[in-house]
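1. Give me a model of this one.
(2 chains)
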Amino acid sequence: TQLLEQSPQFLSIQEGENLTVYCNSSSVFSSLQWYRQEPGEGPVLLVTVVTGGEVKKLKRLTFQFGDARKDSSLHITAAQPGDTGLYLCAGARNSGYALNFGKGTSLLVTP
Amino acid sequence: DSGVTQTPKHLITATGQRVTLRCSPRSGDLSVYWYQQSLDQGLQFLIQYYNGEERAKGNILERFSAQQFPDLHSELNLSSLELGDSALYFCASSALLGSNTGELFFGEGSRLTVL
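-> I've put the predicted structure just below:
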């Protein structure tokens, strides 16, 4: 059983479109992180959200942590081909515990 | 460049064999994590070491073992290999004991193919 469920699994859109990917769980997390992974490379951290209801913006990317700290979303505005990659959410239930990752959303943005 | 170095990048071996994957963490990072990534299971946490001591275990098989040496580099040993062990194995390091708020820095991975 996957602790973190991500949806959709695959997303193919055209440049300029907006999109939202979701990360859901029945467990409460002390914090949640989003990573992006490109082919042949390891995941790279995009953001960490800690407080329930928190919203963080990173240029065209907006991250939200659910009020109950069980879910999160990533919204990309005006997607670009450079946004193509695998987006992974990861959470740890308690301080000092290792991160558990979702299976990821594979995003393809075509020109 | 994350600063985490993994070797080898690619490895092809036969069922029943044993391999060792090596990881050098980022300079100054005391925590090392091993993850296995496959298409069907995603990124699965295997084991964590902090300053030479095992701190947490995830879905690590008994055929697998790991250790962290005094110079903080780590090795993941995979034995009696099966076809299903074919995957990408990532090492990550962090400065903190826990990874829930601190950033994990990942290496480029070791791709293991078992034939």
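2. contacts and neighbour counts: CA atoms only from here.
-> OK.
3. State the three-state secondary structure for the residue nearest to residue A:87 when sequence neighbours are not counted.
-> Closest residue to residue A:87 apart from its sequence neighbours, by C-alpha to C-alpha, 6 or more residues apart in numbering or on different chains: residue A:36 at 4.6 Å. Here residue A:36 is strand, with the state taken from DSSP: H, G, I helix; E, B strand; the rest coil.
4. Nearest residue to residue 8 in space, please, no chain neighbours.
-> Because you didn't say which chain, this covers chain A. residue A:105 (6.0 Å).
5. other chain: chain B
-> residue B:110 (5.9 Å).
6. Surely the residue nearest to residue A:8 is in contact with residue A:87?
-> Yes - in terms of C-alpha atoms under 8 Å, residue A:105 counts as a neighbour of residue A:87; the distance is 5.1 Å.
7. ok, back up a step: you'd agree the residue nearest to residue B:8 is up against residue B:5?
-> No - counting by C-alpha under 8 Å, residue B:110 does not reach residue B:5; the two are 10.0 Å apart.
8. low-confidence ranges in chain A?
-> Applying pLDDT under 70 to chain A flags the ranges A:1-2, A:94-97.
9. rewinding a little: how many other residues sit next to the residue nearest to residue A:87?
-> Counted with other C-alpha atoms under 10 Å in any protein chain shown, residues neighbouring residue A:36 total 21.
10. Burial check on residue A:93, number of neighbours?
-> By other C-alpha under 10 Å, 17 other residues sit near residue A:93.
11. if we can go back for a sec, could you measure the residue nearest to residue B:8 against residue A:40, distance?
-> Distance of residue B:110 to residue A:40, given as C-alpha to C-alpha, to the nearest Å: 10 Å.
12. And residue B:12, by the same measure?
-> 17 Å.
13. got the contact list for residue B:25?
-> Applying C-alpha atoms under 8 Å, 6 or more residues apart in numbering or on different chains to residue B:25 gives the contacts B:3-5, B:32, B:72-74, B:92-93.
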